[in-house]
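Generate a structure from the sequence data that follows.
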Amino acid sequence: MRRSARRSPSWPRAGGPELPAFVPALAGRWYAVLPWLLTAAVLVRTFGWRRAMPLLAGGYLIAWLAEWGSTAGPGVPFGVYHYRPSGLRSDLRVLGVPLFDSLSFTWLAVAAFTALGKLGSRGLTRVVLTGITLVAIDLVVDPVALRGGRWWLGSIYTYPPGSGVWYGVSLLNYVGWLAVGVAVALWIRLCLGDYPGSLRLPLTLSALLLLGVMLQSAVLAALLGVGPSALAALATLLITGLLARRGAWPAPRPPDLLVACALDSEAAACRRALGGAWERDPAHGLVRWRRRGGGVEVWATGTGPDRARSAADLAPHGARVLVAGVAGALDDSWATGTVAVASRLVAGGPGPMGLDPAMTAELGALPLARPATIASVGTVADDPGERLRLRSLGADLVEMEMAGWLSVPGLSVGGLRVVLDRPSEPLGPFAGLVAEGRRGASPLPVMSLVARRPGSLAALILLGRRQRRALAQLGGAVAQVVPLLVGDEGERGWAVEPGAGPPG
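Predicted structure coming up:
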């Protein structure tokens, strides 16, 4: 990618310590590095380190491979072009490819992907339109950058004689931009999901970055005599926006019901049982799924009261929240797979916490479900002594999230739990595999535990069977109660997952 840039300044070295070489090199390309840093900060703030850093690293790698393949390799995918070492003396380069150039692909793709999400584009259409958006931007950026010798960029690259068809730019360059734009957009979707354009901070930054690039390039194009390239870029962007709107999903509205799960597996069971198409929106450490045309959202918040409380802060005021998932029984009268409706809640102590009476009554109409007093605690309670203590408080089951949801005023909360473990069938060595705040167990700790304790493999297999049964029961129960809670059974095509039987 050939971006407009200011030459690296001559940094004073007298009278103070000498700066590392990379500092003036990056500062001289501030227009590419600063947007990347801002994008990185926003991605981390919105989606967390675990999603943001792989996205940024993978986006850079895709762009670098493409540029290296065109400048030092077989000319794929941009066609053959060459960087001028004389124009890049102060730049950091990786095997001849300037660092700032490859960084720019990622923040441009994130900005385009986010803006298209705001317009309502989803799925693979959004991925392809992201690639077209990047092509549209380069329709003006490359002709301007190719004339860098006539302004402060300098002459940093060149095409072979006779290869340029668009103001000196090779046609293969735009084929490459489309391919790389689609590849980076696919990587974004893999890392972040198909999040909608309702995340204000990323959307604001994306709009500023896209407008800034287009404004600077359009002004330079007019001054350099390639003004039609700016008009072509704007026209292509307009067409892309219209295509995005044509296939847009409806704007999300406040949900009639929010189904709150701690684990990804619980949320997946609920979505499968309800059927329909869902859009994924990861933000602030949780993942939200919106059902298209259904007025229902399914959230995966992570385990523990703190994550539940953080999620509750993001819920619309007055929302009806069904906290759904698995729980542990405090005595053996509760069989694995038994569906329980929370009738009373204790937060690990003697004081009860209030549930929404109307929702509790509606949940009580679920066939074969048992009412239960539930203890909501802060850590996994698999120790027999702790279970006895909670049982002495009058609790039947134990879980970790409902107290967090009830700690935020203005929400109507009900609880639906399915028994996964009980005193005679404890979680055992697997109790701590899902760390607090996480939405599931990572494969590596599981494999490590089995490797250290080979005898635990049989217990793991049995636990997996119990979990599948509990999740099937959870899905069947949710599929029955959600149409009742939203008051429109039969009107939105609710479908029970095949094989997910009724609770009992």
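
Can you pull up the most central residue in the protein?
When Cα atoms, centre = their mean is applied to the chain, the residue found nearest the centroid is L192 (2.9 Å).

residue ranges with poor pLDDT in the chain?
Within the chain, the ranges that satisfy pLDDT under 70 run 1-25, 198, 249-252, 294, 348-353, 488-504.

contacting residues for the residue nearest to the centre of the chain?
Taking Cβ atoms under 8 Å, 6 or more residues apart in numbering as the contact definition, L192 lies against F47, R51, L55, P282. The way it works is simple: take the backbone N, C-alpha and C, and place the C-beta from them, glycine included.

Over to P305?
Taking Cβ under 8 Å, 6+ apart, we find P305 in contact with S376, G378, M400, E401, A403, G404, S407.

Need the max-distance pair from those residues.
For the contacts of P305, the farthest-apart pair by Cβ to Cβ is M400 and S407; their separation is 13.0 Å.

And the two? Which one has more around it.
M400 (26 against 16; other Cβ atoms under 10 Å).

just checking, the more buried one touches S376?
Yes: at 6.7 Å, M400 counts as touching S376 under the criterion of Cβ atoms under 8 Å.

Would you work out how far apart the start and end of stretch 141-151 are?
Its start and end residues considered, stretch 141-151 measures 14 Å (Cα to Cα, to the nearest Å).

Tell me which residues are up against that stretch.
With contact meaning Cβ under 8 Å, 6+ apart, stretch 141-151 is reached by 1-4, 87, 153-159, 164, 166-169, 173, 213, 217, 220-221, 223-224, 226, 229.

For ChimeraX, what selects the buried ones among those?
If you want just the buried ones from these in ChimeraX, going by 16 or more other Cβ atoms under 10 Å, the selection is:
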select :1,2,3,4,87,153,154,156,157,159,164,166,167,169,173,213,217,220,221,224,226,229
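
Strands - which of the contacts of stretch 141-151 land there?
Among the contacts of stretch 141-151, DSSP state E puts Y157, T158, G164, W166, V169 in strands.

could these be laid out in JSON lines, adding distance to A262?
Supplementary listing: these in JSON lines, determined by distance: Cβ to Cβ, whole Å:
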{"residue": "Y157", "distance to A262": "52"}
{"residue": "T158", "distance to A262": "57"}
{"residue": "G164", "distance to A262": "57"}
{"residue": "W166", "distance to A262": "53"}
{"residue": "V169", "distance to A262": "52"}
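
Which of the contacts of P305 fall in strands?
Here DSSP E is the test, and the contacts of P305 give S376 as lying in strands.

which ones among the contacts of P305 are found in helices?
Residues of the contacts of P305 located in helices (DSSP state H): A403, G404.

Can you flag the buried ones in the contacts of P305?
For the contacts of P305, a burial check counting by 16+ other Cβ under 10 Å picks out S376, M400, E401, A403, G404, S407.

tell me what the lengthiest helix in the chain is packed against?
With DSSP H setting the assignment, residue counts place helix 456-486 as the longest helix in the chain. In terms of contacts (3 or more Cβ pairs under 8 Å, 6 or more residues apart in numbering; DSSP states H and E), helix 456-486 is packed against strand 257-261, helix 264-274, strand 320-329, strand 339-346, helix 357-363, strand 412-421, helix 443-452.

and the third one, which strands flank it?
The one in question is strand 320-329. In its sheet, strand 320-329 lies beside strand 257-261 (parallel), strand 397-399 (antiparallel), strand 412-421 (parallel), with partners assigned from DSSP bridges.

Likewise for the fourth one?
If you go by DSSP bridges, strand 339-346 pairs up with strand 352-353 (antiparallel), strand 370-376 (parallel), strand 412-421 (antiparallel).

So what's the gap between the second one and the chain middle?
By that I understand strand 370-376. In terms of Cα atoms, centre = their mean, to the nearest Å, the gap separating the centre of strand 370-376 from the centre of its chain is 33 Å.

which residues does F105 contact?
F105 makes contact with M1, G59, Y60, I62, A63, L134, V180, G181, V184 under the criterion Cβ under 8 Å, 6+ apart.

give me that answer again for 10 Å
Residues in contact with F105 (Cβ atoms under 10 Å, 6 or more residues apart in numbering) are 1, 3, 32, 36, 59-60, 62-64, 66-67, 134, 177, 180-181, 183-184.

for L95, same thing?
With Cβ under 10 Å, 6+ apart as the criterion, the residues that contact L95 are W64, E67, W68, T71, A72.

Now do the second one against N173, distance only.
Spelled out, that is E67. Note on E67: its distance to N173, by Cβ to Cβ, to the nearest Å, is 11 Å.

one step back: quick one: closest of the strands paired with strand 320-329 to V296.
Closest approach to V296 among those (Cβ to Cβ): strand 257-261, 5.1 Å.

Next, the buried residues of stretch 289-308.
Neighbour counts using 16+ other Cβ under 10 Å place 289-291, 294-308 of stretch 289-308 among the buried residues.

so how far is the first residue of that stretch from its last?
Distances were taken as Cα to Cα; on that basis the terminal residues of stretch 289-308 are 16 Å apart.

when you give positions from now on, start the count at 50
Happy to do that; since the first residue is 50 now, the last one works out to stretch 338-357.

Please compute how far it lies from its chain's middle.
13 Å.

Stretch 125-135 now?
Here the centre of stretch 125-135 is set off from its chain's centre by 34 Å, with Cα atoms, centre = their mean.

what does stretch 355-365 give?
Using Cα atoms, centre = their mean, the distance between the centre of stretch 355-365 and that of its chain works out at 17 Å.

and what of stretch 479-490?
For stretch 479-490 - counting by Cα atoms, centre = their mean - the centre lies 19 Å from the chain centre.

Output that stretch as CSV, restricted to C-alpha atoms.
This file holds the C-alpha atoms of stretch 479-490, laid out as CSV (Å, rounded to 0.1, in the frame of the first residue of the first chain):
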residue,chain,number,x,y,z
PHE,A,479,-12.7,-30.1,36.3
ALA,A,480,-14.3,-27.6,38.6
GLY,A,481,-11.7,-24.9,38.0
LEU,A,482,-11.2,-25.3,34.3
VAL,A,483,-13.5,-22.5,33.4
ALA,A,484,-11.7,-19.5,35.0
GLU,A,485,-13.8,-16.7,36.5
GLY,A,486,-14.9,-14.3,33.8
ARG,A,487,-14.3,-16.7,31.0
ARG,A,488,-17.1,-18.1,28.7
GLY,A,489,-15.7,-21.6,28.4
ALA,A,490,-12.8,-23.9,29.1
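
so can I have JSON lines of the contacts of L241 showing distance to T289 and neighbour count?
Written out in JSON lines, the entries for the contacts of L241 read as follows (distance: Cβ to Cβ, whole Å; neighbours: other Cβ atoms under 10 Å):
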{"residue": "F96", "distance to T289": "25", "neighbour count": "23"}
{"residue": "R100", "distance to T289": "26", "neighbour count": "19"}
{"residue": "L104", "distance to T289": "22", "neighbour count": "23"}
{"residue": "P331", "distance to T289": "24", "neighbour count": "20"}
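
Strands - which of these land there?
P331.

Now distance to L286 too, for the contacts of L241, in JSON lines please.
Below are those laid out as JSON lines (distance: Cβ to Cβ, whole Å):
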{"residue": "F96", "distance to L286": "26"}
{"residue": "R100", "distance to L286": "28"}
{"residue": "L104", "distance to L286": "24"}
{"residue": "P331", "distance to L286": "27"}
